[in-house]
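**Q** Need coordinates for the below:
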Amino acid sequence: MKTDTNLSDIFGIENIPAEEVIDVKTLSVPEDISPEADFEFARRNMRDLLHKGSKAVDKILQVADATEHPRAYEVASNMIKQLGDMNKDLLALQKARRDLSPQAIQPTVNVDKAVFIGSTRDLIKQIKQIG
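**A** Model (predicted):
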């Protein structure tokens, strides 16, 4: 089409024939994604957002100090609160993972040989009887 060619020339991109365009509706997300993969994805995103938010807070505080505008301080305090909440969310995510993991169940321990339990006086008596 003439319109497609003109737009391709304007934006400096290659014209893609209609047959090669992928229909997004036909794409599907595999349903067998493990909860572990979801956890790692969420954790990675949260840590990335925390890192970016920390940098943004530093810059916002610089702007607030330079302008001494009350709104700049309000924005900085809101962002600091949001970062604190996101830290709590990250810890909650860790706790949820621990609670859902099969390793959360503590294995039982069988003791074949017990350690001497008693006072030092009893221990000395036992040593003298053996020796």
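
**Q** what's the single longest helix in the protein?
**A** helix 35-67 (DSSP state H).

**Q** the inter-axis angle of the helix or strand following that one versus helix 35-67?
**A** Next helix or strand after helix 35-67 toward the C-terminus (DSSP states H and E): helix 70-100. For helix 70-100 against helix 35-67, the angle by axes from the mean of the first three to the mean of the last three CA atoms, to 10 degrees is 160 degrees.

**Q** just checking, what packs against helix 70-100?
**A** Secondary-structure packing of helix 70-100 (3 or more CB pairs under 8 Å, 6 or more residues apart in numbering; DSSP states H and E): helix 35-67. C-beta coordinates here come from the backbone N, C-alpha and C atoms, glycine included.

**Q** Buried residues, stretch 74-90. List them.
**A** Neighbour counts over stretch 74-90 (16 or more other CB atoms under 10 Å) mark 75, 76, 79, 83, 90 as buried.

**Q** what's the farthest-apart pair in those residues?
**A** Maximum pairwise distance among the buried residues of stretch 74-90 (CB to CB): 22.5 Å, between 75 and 90.

**Q** ok, the residue positioned nearest the centre of the chain to residue 49 distance?
**A** With distances taken as CA atoms, centre = their mean, residue 43 lies nearest the centre of the chain, 1.7 Å away. Note on residue 43: its distance to residue 49, by CB to CB, to the nearest Å, is 11 Å.

**Q** Residue 42 and residue 94 touch, don't they?
**A** No - look at residue 42 against residue 94 with CB atoms under 8 Å: they stay out of range, at 10.6 Å.

**Q** Looking at those two, which is more packed in?
**A** Between residue 42 and residue 94, residue 42 has the larger neighbour count (other CB atoms under 10 Å), namely 15 against 12.

**Q** where's that one relative to residue 109, distance?
**A** From residue 42 to residue 109 the distance is 34 Å (CB to CB).
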